[in-house]
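Asks: Predicted model, plus sequence, below.
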Amino acid sequence: MIQDTDLAYAAGFFDGEGCIMIAKNGAVDVRITNTALNVLQKLQSVFGGNIGNRTQRVNKKQYSYCFYGDNAIEFIKKIKPFLVEKLPQAETILEYYELRNNIHAINIPGQKGMFANPDRDLLVQVFRDILSEQKKEEH
């Protein structure tokens, strides 16, 4: 069982360094980018997820701690009670994911995946726009 102190620490770190995204194809992506590999490894030992190198022109090497899809949603659900800055985005991504999973793909000749349903395509764009506006309101 994950301790409340771990959840609160992860939420605070995520509030400052995290990012919630919806890809153009509708996939959910949650990540924390930082130079402190040891902190990201500690989070990984508690929550799972993946750590990769981030290519960026900075003085220090950066790492990106990522979750995708269902794993991203589970991470957000766990830390949500402790979020402050990213709480509106967390609520938005949870609403999006529930709605997205209730819109089923349909067969359109020549298309596949998330864009096989025009309703899902519209949902992706609307929620991407909402997240974008929420990110502008941060700070």
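Replies: Okay, I see it. If you're wondering where the values come from, they're calculated on a predicted model, not measured in any experiment.
Asks: quick one, phi psi at the spatially most central residue of the chain?
Replies: Per C-alpha atoms, centre = their mean, the C-alpha nearest to the average position across the chain is that of Val30, at 2.3 Å. Per-residue torsions, Val30: phi -120, psi 130 (degrees, to the nearest 10).
Asks: what's the answer for the one 3 residues further on, then?
Replies: Note on Thr33: its backbone torsions stand at phi -110, psi 130 [degrees, to the nearest 10].
Asks: Show the contacting residues for it.
Replies: Thr33 makes contact with Glu17, Cys19, Arg54, Gln62, Tyr63, Ser64, Tyr65, according to C-beta atoms under 8 Å, 6 or more residues apart in numbering. No exception for glycine: its C-beta is placed from N, CA and C like everyone else's.
Asks: so of these, which ones are in helices?
Replies: Glu17 (DSSP state H).
Asks: where does the chain dip in pLDDT?
Replies: The chain contains residues with pLDDT under 70 at 57-58, 104-116, 139.
Asks: those helices in it, which residues are they?
Replies: Applying DSSP H to the chain gives helices spanning 4-17, 37-47, 69-79, 87-101, 118-137.
Asks: Quick one: these as a markdown table, columns for distance to Gly26 and mean neighbour count too.
Replies: Supplementary listing: the helices of the chain in a markdown table, determined by distance: least, C-beta to C-beta, whole Å; neighbours: other C-beta atoms under 10 Å:
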| stretch | distance to Gly26 | mean neighbour count |
| --- | --- | --- |
| helix 4-17 | 22 | 17 |
| helix 37-47 | 23 | 15 |
| helix 69-79 | 10 | 18 |
| helix 87-101 | 6 | 17 |
| helix 118-137 | 4 | 15 |
